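Asks: Provide a 3D model corresponding to the input given below.
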Amino acid sequence: AGDVYGLYPYWMAGEKQTIDFGMQSHIDYFGVRLNDRGGIAEPMHWTQGENAQSFIREAHTYCAKVDLVVYRDDWRDWKQVDRLSRQLSFKTAADNIAGLVAEPLTDPFSKAIPYLSLGSESTPVMGDGVTLYLPGYPQDEQSIAEFDEFIHQLSDNLREQGRKYSLNLMFPSADLGKGIYGYSRLFGLMQEIEDGGKLDARFLVLLQEPTTRDKKKVRQDIENSLHGENRTKLLRHIAMVITPGGESSNQQLEDDVVYAKDNFGGIGFWTQPVMPAAEPISKALQGHYQ
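Replies: Residues are numbered from 1 along each chain as shown. As a prediction, this is how the structure comes out:
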């Protein structure tokens, strides 16, 4: 019925865990942080060797894709920086992000794939896409224009690699309709990213509790702000992200799963459900979503 996202923060890693990859279409690994100059402040959260890569290979075995979450949550000094420096920072960020996603898998089997396929396939890479999480980004016109150029550069960099990627935005539901997350702007970004067919775009909207009210508000706000086919397309590019085990009962969980199936293009979970606590989620997805 749509994509299923599990948001897996790096601080969950370290102990053996059981994940129902069969219920997931995307694991969003959270993540790496952008610094003031567009560099990656903590690359080792992603490029930490065989342990991280074994997780990615296991996800791929079950046809689950792994997206890298790139975030920055401190924009206090952004307006104090001159325009040229901000543009250079975003260009550097676009290059660095595309490079991280394209990090090759280094296990012997992955390295052998180009030879085993007689050159028809290249060495598999770590990332299947990127999810940008930029809470607090400035809402003035100049900053919005610079963000648009950043998305354009990052989309071009990903397309040049010749692989099928996804480029997603993640943001709280309270930001929907504001700044870079304006309704018509999101529709335009969706078209910009998916132009040419090499990339998929998704918008992961972090719902507030109680989800039974917030999910309906998200849908209603989009319906009131767009018309016809544009409205339908945007709704089908949105995944509502919920926090299981919070205020939600199992019945509320099932209601949210059914609502996502009927109204949006996907559902996500913060954080990534792991067994045995994830059993009700897998049951709800299998019974009402798949």
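
Asks: Quick check: residue 38 vs residue 175, distance?
Replies: According to Cβ to Cβ, to the nearest Å, residue 38 stands 22 Å off from residue 175. Any C-beta I mention is one placed from the backbone N, CA and C, and that applies to glycine too.

Asks: neighbour count winner among the two?
Replies: Between residue 38 and residue 175, counted using other Cβ atoms under 10 Å, the more crowded position is residue 38 (21 against 18).

Asks: ok so that one is a helix residue?
Replies: No: counting by DSSP: H, G, I helix; E, B strand; the rest coil, residue 38 falls outside a helix, being coil.

Asks: Read off the pLDDT value for residue 2.
Replies: pLDDT recorded at residue 2 is 88.

Asks: Contacts only, for it.
Replies: Residues near residue 2 by Cβ atoms under 8 Å, 6 or more residues apart in numbering: 236, 239, 260-261, 264-267, 289.

Asks: so what pLDDT did residue 185 get?
Replies: pLDDT, residue 185: 95.

Asks: The one 4 residues further on now?
Replies: Turning to residue 189, the model gives it a pLDDT of 96.

Asks: Tally up the residues packed near it, please.
Replies: 23.

Asks: Convert the one helix or strand it maps to to CSV, retaining C-alpha atoms only.
Replies: According to DSSP states H and E, residue 189 maps onto helix 183-194. Output of helix 183-194 as CSV, limited to C-alpha atoms (Å, rounded to 0.1, in the frame of the first residue of the first chain):
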residue,chain,number,x,y,z
TYR,A,183,2.4,23.3,0.2
SER,A,184,3.1,24.5,-3.4
ARG,A,185,6.8,24.5,-2.7
LEU,A,186,6.8,20.9,-1.6
PHE,A,187,5.0,20.0,-4.8
GLY,A,188,7.6,21.9,-6.8
LEU,A,189,10.4,20.2,-5.0
MET,A,190,8.8,16.8,-5.7
GLN,A,191,8.8,17.7,-9.4
GLU,A,192,12.4,19.0,-9.3
ILE,A,193,13.7,15.9,-7.6
GLU,A,194,11.8,13.3,-9.7
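
Asks: Could you pull up the mean pLDDT of the helix or strand that comes right after it?
Replies: Proceeding N to C from helix 183-194, the next assigned helix or strand is strand 199-206, under DSSP H and E. Averaged over strand 199-206, pLDDT sits at 98.

Asks: how far out from the middle of the chain is the helix or strand of the chain with the lowest mean pLDDT?
Replies: Lowest on mean pLDDT, DSSP states H and E among the helices and strands of the chain sits helix 108-116, with a mean of 73. Put simply, helix 108-116 sits 28 Å off its chain's centre (Cα atoms, centre = their mean, to the nearest Å).

Asks: ditto for stretch 56-64
Replies: What separates the centre of stretch 56-64 from the centre of its chain is 17 Å, taken as Cα atoms, centre = their mean.

Asks: what's that stretch in contact with?
Replies: With Cβ under 8 Å, 6+ apart, stretch 56-64 has contacts from 21-22, 24-27, 65-66, 105, 107, 110, 124, 126.
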